[in-house]
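In: Quick one: sequence plus predicted model below, questions after.
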Amino acid sequence: MKIKTAIALFMMASVSACSMQEGDFPSLAKRPFEDNKPVTSPEPSAPSVSRPSSEVQTLVDTAMAQSNAAHSQFLKDLRRVTGHVNAARGSAMSSERWVVAQMDLAALEIVRGPSVSALADIDRIYTSQMNRSFDDENAGGTAMVESKRQEILAQVKQQQDEIDALKAKLR
């Protein structure tokens, strides 16, 4: 008798659970992947390219001009310094040729200073633009600032690589 009662209670509980009408239940309809059809996602919309403010554009242009001028001077002076370093190669430390080459390398470091300063400036501008774009969707120009930042960074890296190579020749 106990088994019949348990079965009856189980069946009543099952039927009452099916008749519930309240609640937010998932649909039992077939989903696309259940038919082995490829699931397509909507095309991502192209990000809107917006221009930076005129103030930001001026700051970026100034940093770029500063770096370009310093890089141009660096490349001009590099020829002379390379000649002095090659002449001092193999010379004893503290020899006249070695000292001249070291002084030229120090001067070359100073010439590249504005490029390094421009990189610091554009890093600040880029950080500020990133913060603005998070706070205000209409704050544009982050991609442009990043592009100019990469140009300055490439100049600074090239300068550092050249100086490192010249220093290695004097060791």
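Out: Yep, that arrived.
In: Show me what the longest helix anywhere in the chain packs onto, helices and strands only.
Out: Using DSSP state H to define each element, the chain has its longest helix at helix 54-88. Packed against helix 54-88, as judged by 3 or more CB pairs under 8 Å, 6 or more residues apart in numbering; DSSP states H and E, are the following elements: helix 96-111, helix 113-135, helix 142-170. Just so you know, the C-beta spots here come from the backbone N, C-alpha and C atoms, and that holds for glycine as well.
In: so where's this structure uncertain?
Out: Where the chain drops to pLDDT under 70, the residues are 1, 6, 8-23, 25-26, 31-34, 36-50, 136-140.
In: tell me, what residue is most central in this structure?
Out: In the chain, the residue lying closest to the centroid (CA atoms, centre = their mean) is Glu146, at 7.3 Å.
In: Out of the helices and strands packed on helix 54-88, which gets nearest to Met64?
Out: Closest to Met64 of the helices and strands packed on helix 54-88 is helix 142-170 (CB to CB; 5.4 Å).
In: Specify the angle between that closest one and helix 113-135 in degrees.
Out: Between the axes of helix 142-170 and helix 113-135, defined by axes from the mean of the first three to the mean of the last three CA atoms, to 10 degrees, the angle is 150 degrees.
In: From the contact counts, what lies against helix 142-170?
Out: Under the contact criterion of 3+ CB pairs under 8 Å, 6+ apart, helix 142-170 touches helix 54-88, helix 96-111, helix 113-135.
In: List just the one of those helices that sits closest to Glu162.
Out: helix 54-88 (6.0 Å).
In: what angle do that closest one and helix 113-135 make?
Out: On the basis of the same axes, to 10 degrees, helix 54-88 is oriented at 150 degrees to helix 113-135.
In: want to throw the helices and strands packed on helix 142-170 into TSV with mean neighbour count?
Out: As requested, the helices and strands packed on helix 142-170 are arranged in TSV below (neighbours: other CB atoms under 10 Å):
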stretch	mean neighbour count
helix 54-88	17
helix 96-111	16
helix 113-135	17
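In: mind saving the C-alpha coords of stretch 56-73 as PDB?
Out: These are the backbone C-alpha positions of stretch 56-73, laid out as PDB (Å, rounded to 0.1, in the frame of the first residue of the first chain):
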ATOM      1  CA  VAL A  56      44.200  68.400 -29.300                       C
ATOM      2  CA  GLN A  57      45.000  68.700 -33.000                       C
ATOM      3  CA  THR A  58      47.300  71.700 -32.300                       C
ATOM      4  CA  LEU A  59      49.100  69.800 -29.500                       C
ATOM      5  CA  VAL A  60      49.600  66.700 -31.700                       C
ATOM      6  CA  ASP A  61      50.900  68.800 -34.600                       C
ATOM      7  CA  THR A  62      53.300  70.600 -32.300                       C
ATOM      8  CA  ALA A  63      54.700  67.400 -30.900                       C
ATOM      9  CA  MET A  64      55.000  65.900 -34.400                       C
ATOM     10  CA  ALA A  65      56.800  69.000 -35.700                       C
ATOM     11  CA  GLN A  66      59.200  69.000 -32.700                       C
ATOM     12  CA  SER A  67      60.100  65.300 -33.200                       C
ATOM     13  CA  ASN A  68      60.500  65.700 -37.000                       C
ATOM     14  CA  ALA A  69      62.800  68.600 -36.600                       C
ATOM     15  CA  ALA A  70      64.900  66.800 -34.000                       C
ATOM     16  CA  HIS A  71      65.000  63.600 -36.000                       C
ATOM     17  CA  SER A  72      66.100  65.500 -39.100                       C
ATOM     18  CA  GLN A  73      69.000  67.100 -37.100                       C
END
